[in-house]
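S.K.: quick one: sequence plus predicted model below, questions after.
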Amino acid sequence: PRLVTQSGYLLSANRSIVQQVTTVAAGYPLRKVGDTVTVKKTATSYQTSQKIASFVKGSKYKIKQVKNVSQSNSKRAYLLDNINSWVLEQDVQ
């Protein structure tokens, strides 16, 4: 039997189909180059501290690069395609 967690992951006791899920210390999913993310509507600033424009919030972008940071609640920042700006992991979903 499987169980769906609140975060949408499936749990199973069948070891042949289990896949390890990696998260960073802050508890955010580990995302990689090529993944698509949505900038949260609650996001306020880019990783560089510049204000995020309202048209960016709620929009989807592809990750171009990933870097390690130690800023606010985030351990990673993502360079997003089209806007070419670094966004903290806490500000994407």
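M.R.: All right, it came through fine.

S.K.: pull the residues that contact stretch 46-58.
M.R.: Stretch 46-58 has contacts (CB atoms under 8 Å, 6 or more residues apart in numbering) with 38-41, 43-45, 69, 71, 74, 77, 83, 85-88, 91. In this view, the C-beta of every residue, glycine as well, is placed from N, C-alpha and C.

S.K.: quick one: residues contacting Arg31.
M.R.: Applying CB under 8 Å, 6+ apart to Arg31 gives the contacts 37, 63, 66, 76, 78, 89, 92.

S.K.: out of these, who's nearest Gly27?
M.R.: Checking these against Gly27 by CB to CB gives Glu89 as the nearest, at 9.9 Å.

S.K.: does the closest one touch Arg76 like I think?
M.R.: Yes: using CB atoms under 8 Å, Glu89 is in contact with Arg76, at 4.6 Å.

S.K.: looking at these two, which is more packed in?
M.R.: Remark: of Glu89 and Arg76, Glu89 carries more neighbours, 25 against 20, as counted by other CB atoms under 10 Å.

S.K.: just to revisit the earlier point, what subset of the contacts of stretch 46-58 is buried?
M.R.: Among the contacts of stretch 46-58, the ones that count as buried by 16 or more other CB atoms under 10 Å are 39, 43, 74, 77, 83, 85-88, 91.

S.K.: would you turn the residues you listed into JSON lines with distance to Asn14, pLDDT and secondary structure?
M.R.: Putting the buried ones among the contacts of stretch 46-58 into JSON lines (distance: CB to CB, whole Å; pLDDT from 0 to 100; DSSP: H, G, I helix; E, B strand; the rest coil) gives the following:
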{"residue": "Val39", "distance to Asn14": "36", "pLDDT": "98", "secondary structure": "strand"}
{"residue": "Ala43", "distance to Asn14": "38", "pLDDT": "97", "secondary structure": "coil"}
{"residue": "Ser74", "distance to Asn14": "34", "pLDDT": "92", "secondary structure": "strand"}
{"residue": "Ala77", "distance to Asn14": "36", "pLDDT": "96", "secondary structure": "strand"}
{"residue": "Ile83", "distance to Asn14": "41", "pLDDT": "96", "secondary structure": "coil"}
{"residue": "Ser85", "distance to Asn14": "42", "pLDDT": "97", "secondary structure": "strand"}
{"residue": "Trp86", "distance to Asn14": "40", "pLDDT": "98", "secondary structure": "strand"}
{"residue": "Val87", "distance to Asn14": "37", "pLDDT": "98", "secondary structure": "strand"}
{"residue": "Leu88", "distance to Asn14": "36", "pLDDT": "97", "secondary structure": "strand"}
{"residue": "Asp91", "distance to Asn14": "36", "pLDDT": "97", "secondary structure": "helix"}
